[in-house]
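In: have a look at this prediction, sequence included:
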There are 2 protein chains.
Amino acid sequence: MVGITDVARRAGVSPSTVSYALSGKRPISKETRQRVEAAIRELGYRPHAGARALASSKSNVLALVVPLRAGIHVPVVMQFAVSVVTAARRHDHDVLLLTQEEGEEGLRRVAETALVDALVVMDVQLHDPRLPLLRNLDRPSVLIGFPAEPSGLTCIDLDFRAAGEACVDHLARLGHRVVALVGSPPEVYVRQTAFAQRVVQGFTAAADRAGLSCRVHPCEAAPGAARAIAERLLREQPALTGVVVHNEPLLEPLIDAFEQLGLRVPGDLSVTAICPDELAASLRVPVTSVAIPSAEVGERAVELLMAKLDGGGTDVPEATLLPPRLTERASTAPRDAP
Amino acid sequence: MVGITDVARRAGVSPSTVSYALSGKRPISKETRQRVEAAIRELGYRPHAGARALASSKSNVLALVVPLRAGIHVPVVMQFAVSVVTAARRHDHDVLLLTQEEGEEGLRRVAETALVDALVVMDVQLHDPRLPLLRNLDRPSVLIGFPAEPSGLTCIDLDFRAAGEACVDHLARLGHRVVALVGSPPEVYVRQTAFAQRVVQGFTAAADRAGLSCRVHPCEAAPGAARAIAERLLREQPALTGVVVHNEPLLEPLIDAFEQLGLRVPGDLSVTAICPDELAASLRVPVTSVAIPSAEVGERAVELLMAKLDGGGTDVPEATLLPPRLTERASTAPRDAP
DNA sequence: TTCCCCCGTCGAAGCGCTTCGACGTCACGT
DNA sequence: ACGTGACGTCGAAGCGCTTCGACGGGGGAA
């Protein structure tokens, strides 16, 4: 194995000089640096990750905690994961994948063995059992999602409450008076998953504020369930003209179901969604939607972490709520004048 | 920070004894071991991962390479990933997540810096550019999927060729004479993704062998495309009575589309699929299918890797093809006697 | 009884890197 | 002309753990 001393010898300098040339932590003359770089290239030198971690007490690895709970939409999770990995690499970090199985003990393990420098935690619940642990760990963490009591933690997410409001406001502005929310599967609410709850809050609040009649329906994510749900919505709210869908797999089948029931979208029924833009835009009827900006969230999460890692944690905001961005597409229209 | 010497002092032994008590690499008397364990518990000791990696030249980390290419079904990928992580943990290893972005350089980096001990590579193409690299790396690897030329590599996967055959054989046995394959998106074939290709081979070979008329249709994975595809199938093969679907997102909408076109499943048309069992079983019409055993594949992949890591690589089989398991459900029936 | 060997433990030598203090040199201000 | 830093480099001391060789003691074989 070729080590830093081999490089040093070849470049005619001391090992510490090679180290400084690599890290830039002390000034190195241009000529020396070039000789070092040449030596590295010629020898194919790669610094040993473990040795580095030991000497510097930095592993340059981030933990990504992905509890794949029932009812969440896997592709969206994957988008987050990919953007976290990509962003981490830009900051010269790698990503260790942790799943639910391990639970809190897993977090503790990777943090306390110094396997990772910091943690990104996904799928946060309102009263998440991991919070006390994260507060006490000696490594910084960022949550993607907001718990009920986020103080002392760094959190980032789309402002799902405002997203719910934005959808309702949009429908209200178009003249709709009776609206419904087709939400995530029931178990997601039972677990008190933060983002789902907040959409409901925003939806309800905005509807009340605008004086709309509204109703919330948690729904299984099976496409086959679409028809039954559509029928139920119409039965319970016969005057329904506006629907907000916060359930990715159901979005397309639901629109199909409405049309099969004789309702044109957006002619008779306006539909908005909270989902990734690619999904909303790719449907047969492109859907007016509030985007879930996974790429941005993942990226900013990593940036917050980096700030905490080298800023010592000062001046890193505790809460980052990304404002919703509603894109109008073909699925919404003004309500027919009665 | 509490180190091994603290534990040693507290237990009244030398650091090396603590190390051996932990690793079991040398016999330690029961009493000593218990004192060491008590000291560890009392002090909350955790061995430093970096120090371990340096001293033992084992990081106990596996790389999981997940190129999220277009056209692949994300939830299935995630199932693999989760099962790899779970299996790795059982063997006291963690998993580092690598995505496409980094490409070959990423593999080289984590391997050569000794960040990982071994690699699990997914989404293998027939002529995968990573193969030469994997062959030359000093760390063992396992591919999930088979390239055209797997010699010198350890590969594992469902036998997709046999899976394609099994579906056709099943249909043939039921008396169907005209069959079609609804496959993955075209880009998957263009990239020569191994598993998709093999399904086609198996499908075609079995159909030829049984003297069936057959046809292959690569298809977009958008549910909205289902209707058009169904119509095309019937137009091109009016006598069609048997369909094999190798495209998860399309499966349910496609069945719906057939029924909307007036064909009862399985009355007029038998449908089989190659997809995860949960999906096939959960549909409105439960579908006869060959399972994609992600959990088993991930687990076995890790086990192969472990065998290579401590067996030195001898007697680890190069190719592991899991035989297809076809489960009959409600979507297939004998062809009506004409 | 004597010899050997295995068991259980210790001490010391690293693993390959980072980092700290030190030192010589050079340019600059006064 | 001389003090003062900043610059560029070096040597050495670890970082916390594993592992190798060594060693005393006890039991079995001869």
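Out: Received the coordinates, thanks.
In: so, low pLDDT: which residues of chain A?
Out: Residue ranges of chain A with pLDDT under 70: A:312-313, A:337-338.
In: and it, which residues reach DNA strand C?
Out: A:1, A:3-5, A:15-16, A:18-20, A:22-23, A:25, A:45-48, A:51-52, A:54-56, A:58 (Cβ under 7 Å from any atom of the strand). Quick note: C-beta positions are derived from backbone N, CA and C, even for glycine.
In: which of these are buried?
Out: Buried by 16 or more other Cβ atoms under 10 Å in any protein chain shown: A:3-4, A:18-20, A:22, A:45-48, A:51-52, A:54, out of the residues of chain A next to DNA strand C.
In: closest one of the residues you listed to B:Leu233?
Out: Here the nearest of those to B:Leu233, counting by Cβ to Cβ, is A:Arg46; it sits at 53.3 Å.
In: before we move on, the earlier item: which ones among the residues of chain A next to DNA strand C are found in helices?
Out: Residues of the residues of chain A next to DNA strand C located in helices (DSSP state H): A:4-5, A:15-16, A:18-20, A:22-23, A:51-52, A:54-56.
In: dump the residues you listed to a markdown table, plus distance to chain B.
Out: Formatted as a markdown table, those follow (distance: Cβ to the nearest Cβ, whole Å):
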| residue | distance to chain B |
| --- | --- |
| A:Ile4 | 12 |
| A:Thr5 | 15 |
| A:Pro15 | 16 |
| A:Ser16 | 18 |
| A:Val18 | 15 |
| A:Ser19 | 15 |
| A:Tyr20 | 19 |
| A:Leu22 | 12 |
| A:Ser23 | 15 |
| A:Ala51 | 5 |
| A:Arg52 | 8 |
| A:Leu54 | 4 |
| A:Ala55 | 8 |
| A:Ser56 | 9 |
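In: tell me the one among those nearest to A:Ala39.
Out: Among these, and counting by Cβ to Cβ, the member closest to A:Ala39 is A:Val18, at 7.9 Å.
In: separation between the closest one and A:Gly50?
Out: A:Val18 sits 18 Å away from A:Gly50, going by Cβ to Cβ, to the nearest Å.
In: got it, and A:Arg177?
Out: Taking Cβ to Cβ, one finds A:Arg177 at 65 Å from A:Gly50.
In: of these two, who's got more company?
Out: Between A:Arg177 and A:Gly50, A:Gly50 has the larger neighbour count (other Cβ atoms under 10 Å in any protein chain shown), namely 25 against 18.
In: excluding chain neighbours, what is closest to that one?
Out: Of all residues not flanking A:Gly50 in the chain, B:Ala53 sits nearest, at 3.0 Å (Cβ to Cβ, 6 or more residues apart in numbering or on different chains).
In: ok, that neighbour - contacts?
Out: A:Ala49, A:Gly50, A:Ala53, A:Leu54, B:Ser59, B:Asn60, B:Ala114 (Cβ atoms under 8 Å, 6 or more residues apart in numbering or on different chains).
In: repeat that for 7 Å
Out: A:Gly50, B:Ser59, B:Ala114 (Cβ atoms under 7 Å, 6 or more residues apart in numbering or on different chains).
In: okay, those residues in a markdown table with distance to B:Val121 next?
Out: Below are the contacts of B:Ala53 laid out as a markdown table (distance: Cβ to Cβ, whole Å):
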| residue | distance to B:Val121 |
| --- | --- |
| A:Gly50 | 23 |
| B:Ser59 | 18 |
| B:Ala114 | 18 |
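In: return the member of these nearest to DNA strand D.
Out: Comparing the contacts of B:Ala53 against DNA strand D with Cβ to the nearest atom of the strand places A:Gly50 closest, at 8.2 Å.
In: what's the local residue count around A:Ser14?
Out: Neighbours of A:Ser14 (other Cβ under 10 Å): 13.
In: could you measure from it over to B:Asp92?
Out: Separation of A:Ser14 from B:Asp92 (Cβ to Cβ): 38 Å.
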